[in-house]
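Student: Please find the sequence and the predicted model below.
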Amino acid sequence: MSAADVARGVVVVAKEQLADGVVALTLAAADGAPLPAAEPGAHVDLTLPGAGVERQYSLCGASDARTWTVAVLREPAGRGGSAWVHDALAIGDELTARGPRNHFVFDAAAPAVLVAGGIGITPMLPMIAAAEAAGTAWVLHYGGSSRARMAFADELTAKHPGRVVLHVADEGSRADLDALLGNPAAFEPGAQVYCCGPGRLMAGVEDAVRSWPHGSLHLERFEPKEQPADAAADVAFEVELELTGTTIEVPADRTVLECVEEAGVLVLSSCREGTCGTCETPMVSGEADHRDSVLTPDEQAEHRTMMLCVSRAAAGCPRLVLEL
């Protein structure tokens with residue numbers, strides 16, 4: 001079990017309203033021990049007992065602190081987790097956490113173009129701090145429906161004049177992504193683009209950077225990526241569990257994760273929708289139909305790991321061998 005998979009008790013030591021619909025939680029280890037340091041872009045999994053769910057939140061505090069800080073957006077259409085955090089969770093309450101886990105790695109040595117929408121600003125804060133510490137050029141484009149709902153907006157513009165551009169919809173300022181990102185020559189050589197926010201924003205950024213060098217774009221998703229409308233119908237396939245020496249069948253209407261769990265094999269999981277990376281499992285052989293929102297296209301093409309909660313065997317691959 002990796003360090004990121006270890007469950008630990010954390011206690012809420014501060015709770016602050018950051019913006020309309022956004023609260024910040026400061027968490028410390030329940031036993032008083034130091035919490036693991038986190039690299040920019042990392043997130044933690046929090047079990048919310050009052051809502052009966054586990055959710056992933058980007059860390060937005062200092063990486064060397066004895067506490068973790070996350071920001072939580074109230075989502076009226078959600079499954080109750082954010083409402084419970086906003087309305088019921090109190091200072092002194094204890095939660096269970098796992099992590100940090102990082103699928104949104106930041107290269108502080110390369111010029112950075114940061115694009116955030118709404119609560120997607122949270123992983124950008126430690127990235128900005130790392131770029132500042134390294135003396136690396138960076139710019140942030142931060143969009144939201146209204147200034148009152150944009151956490152950290154005033155703080156960022158005051159602290160980094162000229163580097164932070166706000167795009168506030170109700171003030172008539174919307175980001176033209178093609179104009180901002182369509183010409184890679186307008187940026188320093190080697191610049192990298194980091195984006196976190198609603199699916200529509202990330203899809204727009206993906207389109208806008210198609211002329212950039214391969215590997216320049218880095219995305220963090222906390223909602224499932226839409227699957228192609230013409231995707232082939234699911235079919236049954238076999239999965240060999242190399243370490244346990246058993247083979248199971250995965251029917252067309254069930255996931256690998258469900259079938260592995262039914263076979264009595266423990267696999268840590270959280271979101272069950274391909275966004276958190278908790279159930280990432282090494283592949284020994286076979287090719288996967290990767291449906292996650294975590295691995296990069298290059299990582300998916302390597303078929304070294306897969307997310308058992310959503311990914312399946314690729315068309316024409318009747319059998320996968322997993323390191324389980």
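Tutor: It's in. The model shown is predicted, which means the values in this text are computed figures rather than measured ones.

Student: in a strand, that's where residue 14 is, yeah?
Tutor: Yes - Residue 14: assigned to a strand according to DSSP: H, G, I helix; E, B strand; the rest coil.

Student: who are the neighbours in contact with the nearest residue to it once chain neighbours are set aside?
Tutor: With sequence-adjacent residues excluded and distances taken as C-beta to C-beta, 6 or more residues apart in numbering, residue 14 is closest to residue 26, at 3.8 Å. Glycine gets a C-beta too; all of them are placed from N, C-alpha and C. Shown in contact with residue 26 (C-beta atoms under 8 Å, 6 or more residues apart in numbering): 12, 13, 14, 15, 16, 61, 67, 68, 69.

Student: Ok, residue 160 next?
Tutor: Under the criterion of C-beta under 8 Å, 6+ apart, the neighbours of residue 160 are 128, 140.

Student: export the contacts of residue 26 to CSV and tack on pLDDT?
Tutor: Listed next are those as CSV, based on pLDDT from 0 to 100:
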residue, pLDDT
12, 97
13, 97
14, 97
15, 97
16, 96
61, 83
67, 95
68, 96
69, 96
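
Student: element containing the residue nearest to residue 14, please.
Tutor: Using DSSP states H and E, residue 26 sits within strand 22-29.

Student: How far does that strand sit from its chain's centre?
Tutor: Centroid displacement of strand 22-29 relative to its chain, using C-alpha atoms, centre = their mean, to the nearest Å, is 18 Å.

Student: Please apply the same query to stretch 297-316.
Tutor: 18 Å.

Student: residue boundaries of the helices in the stretch 201-324 of the chain?
Tutor: Here the stretch 201-324 of the chain has its helices, by DSSP state H, counting those that start in this stretch, at 256-262, 297-302.

Student: Following the record's annotation, map out the domains of this protein.
Tutor: The chain breaks down into these domains under automatic domain parsing: 3-101, 112-220, 237-322.

Student: now these in JSON lines, with distance to residue 226?
Tutor: Formatted as JSON lines, these follow (distance: least, C-beta to C-beta, whole Å):
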{"stretch": "domain 3-101", "distance to residue 226": "17"}
{"stretch": "domain 112-220", "distance to residue 226": "7"}
{"stretch": "domain 237-322", "distance to residue 226": "10"}
